[in-house]
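**Q** Predicted model and sequence below, questions to follow.
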Amino acid sequence: MFIGEVRKIEDLAEGETATPEPDMGYELRTANGDRFERGTVEHLVRRGDMIVARTTAGEEFAVVGRNAHVLVPLSF
């Protein structure tokens, strides 16, 4: 599955991942928009009632829920 196909938590099964589309990439920015995180999104993974984005910098950030990070699409 591709990241652009994920609309809600239930779109992914527990532990299932979604990767960027072949011609796309994604950055993560904080919910209040004050900064972008290092690296681009490697994949999303469902963990319970959360979807977490793992970056190429090896960090993970929630993309649903309170204070979630925002996926910012990049076209290549």
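**A** Looks like it came in fine.

**Q** Show me the shaky parts of this protein.
**A** 76 (pLDDT under 70).

**Q** Grab the most central residue of the chain for me.
**A** Ala53 (3.6 Å; C-alpha atoms, centre = their mean).

**Q** Helix or strand: which one has that residue?
**A** strand 50-55 (DSSP states H and E).

**Q** right, and the helix or strand after that strand?
**A** Heading C-terminal from strand 50-55 (DSSP H and E), you reach strand 60-62.

**Q** quick one: strands adjacent to that following strand?
**A** The pairing partners recorded for strand 60-62 under DSSP bridges are strand 50-55 (antiparallel).

**Q** Render the CA-only coordinates of the partner strand in CSV, please.
**A** Extracted in CSV, the C-alpha atoms of strand 50-55 (Å, rounded to 0.1, in the frame of the first residue of the first chain):
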residue,chain,number,x,y,z
MET,A,50,-1.8,5.0,16.1
ILE,A,51,-0.1,5.4,12.7
VAL,A,52,3.6,6.2,13.0
ALA,A,53,5.9,7.7,10.4
ARG,A,54,9.5,6.4,10.3
THR,A,55,12.0,8.8,8.8
